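K.L.:
when you get a sec, could you give me coordinates for this:
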Amino acid sequence: TATERGRILMRMSALVTARAEDLAMIETLDVGKPLNQSRRDSVALARYLEFYAGAADKLTGTTIPYQEGFTAYTLREPHGVCGIIIPWNYPMQILGRAVAAALAAGNAVVLKPAEDASLSSLVFASIAAEAGLPAGALNVVTGLGAEVGAALAGHRGVQHLSFTGSVATGMRIQEAAARNVVPVTLELGGKSPHIVFDDADLDLAMPVLVGACMQNAGQTCSAASRVLVQRGVYEEVRRRMAEIYRGLVVGPACDSHDLGPIVSRRQRQSVQGFIDLGRRELTLAAEGTLHPEAPPEGHYVLPTLFSEVPPDHALAREEIFGPVQVLMAFEDEAEALRLANGTDYGLVAGVWTRDGARQLRMARKLHSGQVFINNYGAGGGVELPFGGVGRSGHGREKGFEALYGFTRVKTVTVHHG
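P.N.:
Numbers count the residues shown, from 1 in each chain. Coordinates of the predicted model:
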């Protein structure tokens, strides 16, 4: 029953909380993110389980006013088996928001973690079993995406797919699902903008402008990798951001520096390629420093800030998935919107202004799944629906909205005279 599902999820949340430090260390060793960030991820996993535990028995249908002599209502039913494929950058957080919602809605789950980071998913499966989740309700299958992921996406026994990852892989998963006419939730890439107007509270904005891209070494789909600044404060923002960058330290993940290593050699080479391109073609505003104890063979990348970046440059349009930000200037609100909406992505946007009317206008006109005004990320936002438009994907995770995606609606009409 929905009530019992909620109780099991609550027990899972308690077990995650009890093992939070161990889970955080596993995540840091597997992914490379600083330990203090992994600790926040384990707290977020427990919170997702807690949220959906409370929501499980509150997912209801509706009654519909209809013709005389009829009663019409809807039921929300689980899809059945949900295939969930998650990436390597936030394994605990992403499995939490997807798996917890799917189980709360009454589905069984086959979870495929990334081949680069599978450990916390496997530990989570043992926690679920200890909490009393019935055998077969959660299944974790590891392996390469081209093998295991493709098999899961194209399996006729899967009734719903949820994928978080790259645009290219998301397209392949959607194509595989289409052959079985299976609905898909896709949370893909981003090139998210911060938009800073002349009247912004810069003291409030500055640490957020940098932190929104540097978290997890920039390996975040919602990373605010573009900072669009109105001309009147552009030089001040550039100067203050550069000062913050010069104080950022990259080092071993277990020491909780500002940034840890990139997840893999391949990913480091990709990010460094963008930085090298920027150094050849753009203005380098500032970069961070490498801690002297960082081993030379580590996959470290210095946080890098470029200024005066043209809107058509690759660093302003392509998702880098690393600690790289670009600064771009604009004259007025109309130009800010053109620049912000000028990529193929639409995941998250941040707006910094004291003007209340402008806040509302920008929120309506930005092509983005989430808009944060005078903040960014809102503390993780377990309750806040999350997803994108354009090449950032479709469907929503987080909050109550995610439960709708993990259910289907049945309409019942009774003629009783």
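
K.L.:
from now on I want contacts and neighbour counts done on CA atoms only, so please keep to that.
P.N.:
Fine.

K.L.:
could you pull out the buried residues of the longest helix along the chain?
P.N.:
In the chain, taking DSSP state H as the definition, the longest helix is helix 35-55. By neighbour count on 16 or more other Cα atoms under 10 Å, the buried set for helix 35-55 is 35-39, 41-55.

K.L.:
now do stretch 119-133
P.N.:
Those would be Leu119, Ser120, Ser121, Leu122, Phe124, Ala125, Ile127, Ala128, Ala129, Ala131, Leu133, for stretch 119-133 by 16+ other Cα under 10 Å.

K.L.:
any chance of those in CSV, plus pLDDT?
P.N.:
CSV is the format used below for these (pLDDT from 0 to 100):
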residue, pLDDT
Leu119, 97
Ser120, 97
Ser121, 98
Leu122, 98
Phe124, 98
Ala125, 97
Ile127, 98
Ala128, 98
Ala129, 97
Ala131, 98
Leu133, 97
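
K.L.:
mind listing the strands for the stretch 151-300 of the chain?
P.N.:
Using DSSP state E, counting those that start in this stretch, the strands of the stretch 151-300 of the chain run over 160-164, 184-187, 193-196, 226-230, 249-250, 283-287, 289-290.

K.L.:
show me where this structure has helices.
P.N.:
Under DSSP H, the chain gives helices at 2-18, 20-31, 35-55, 91-104, 119-130, 150-153, 167-178, 202-214, 231-246, 265-281, 314-317, 333-340, 356-365, 401-405.

K.L.:
most packed of those helices?
P.N.:
helix 91-104 (a mean of 26; mean count of other Cα atoms under 10 Å).

K.L.:
quick one: that helix to strand 160-164, angle?
P.N.:
Angle, helix 91-104 to strand 160-164, by axes from the mean of the first three to the mean of the last three Cα atoms, to 10 degrees: 160 degrees.

K.L.:
gap between stretch 260-267 and the chain center?
P.N.:
Its chain's average C-alpha position is 18 Å from that of stretch 260-267, according to Cα atoms, centre = their mean, to the nearest Å.

K.L.:
first to last residue in that stretch, what's the distance?
P.N.:
In stretch 260-267, first residue to last residue: 13 Å (Cα to Cα, to the nearest Å).

K.L.:
before we move on, what about stretch 55-66?
P.N.:
End-to-end distance (Cα to Cα), stretch 55-66: 29 Å.

K.L.:
what's the answer for stretch 56-71, then?
P.N.:
26 Å.

K.L.:
identify all contacting residues around it.
P.N.:
Residues outside stretch 56-71 that contact it (Cα atoms under 8 Å, 6 or more residues apart in numbering) are 2-3, 5-6, 72-76, 104-105, 403, 413-417.

K.L.:
got the buried residues for that stretch?
P.N.:
For stretch 56-71, a neighbour-count test (16+ other Cα under 10 Å) marks Ala56, Asp57, Leu59, Thr71 as buried.

K.L.:
distance of the third one from Leu403?
P.N.:
From Leu59 over to Leu403 the distance is 8 Å, taken as Cα to Cα.

K.L.:
now do the first one
P.N.:
Going from Ala56 to Leu403 by Cα to Cα gives 9 Å.

K.L.:
mind listing the shared neighbours of the two?
P.N.:
Applying Cα under 8 Å, 6+ apart, one finds that Ala56 and Leu403 are jointly contacted by Ala104, Ala105.

K.L.:
which among the helices of the chain is found nearest to Ser256?
P.N.:
With Cα to Cα, the closest approach to Ser256 among these belongs to helix 35-55: 5.2 Å.

K.L.:
any idea of the mean pLDDT for the closest one?
P.N.:
Mean per-residue pLDDT for helix 35-55: 97.

K.L.:
check stretch 400-417 too.
P.N.:
Mean predicted lDDT for stretch 400-417 stands at 96.

K.L.:
tell me how far that stretch is from the chain's mean position?
P.N.:
The answer for stretch 400-417 is 28 Å, by Cα atoms, centre = their mean.

K.L.:
need the residues that contact it.
P.N.:
55, 59, 68-79, 98, 101-102, 104-105, 107, 160, 185, 383, 385, 395-397.

K.L.:
hey, C-alpha coordinates of that stretch in CSV?
P.N.:
The C-alpha atoms that make up stretch 400-417 are tabulated as CSV, following Å, rounded to 0.1, in the frame of the first residue of the first chain:
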residue,chain,number,x,y,z
PHE,A,400,5.6,16.5,-6.2
GLU,A,401,5.7,17.0,-9.9
ALA,A,402,8.1,14.0,-10.2
LEU,A,403,5.3,11.7,-8.9
TYR,A,404,3.1,12.7,-11.9
GLY,A,405,5.9,11.6,-14.3
PHE,A,406,6.1,8.2,-12.5
THR,A,407,2.4,7.6,-12.8
ARG,A,408,-0.2,7.3,-15.6
VAL,A,409,-3.8,8.6,-15.4
LYS,A,410,-6.8,6.4,-15.9
THR,A,411,-10.2,8.0,-16.3
VAL,A,412,-13.3,6.1,-15.0
THR,A,413,-16.8,7.1,-15.8
VAL,A,414,-19.8,5.5,-14.1
HIS,A,415,-23.4,5.8,-15.3
HIS,A,416,-25.8,5.4,-12.4
GLY,A,417,-28.9,7.2,-13.7
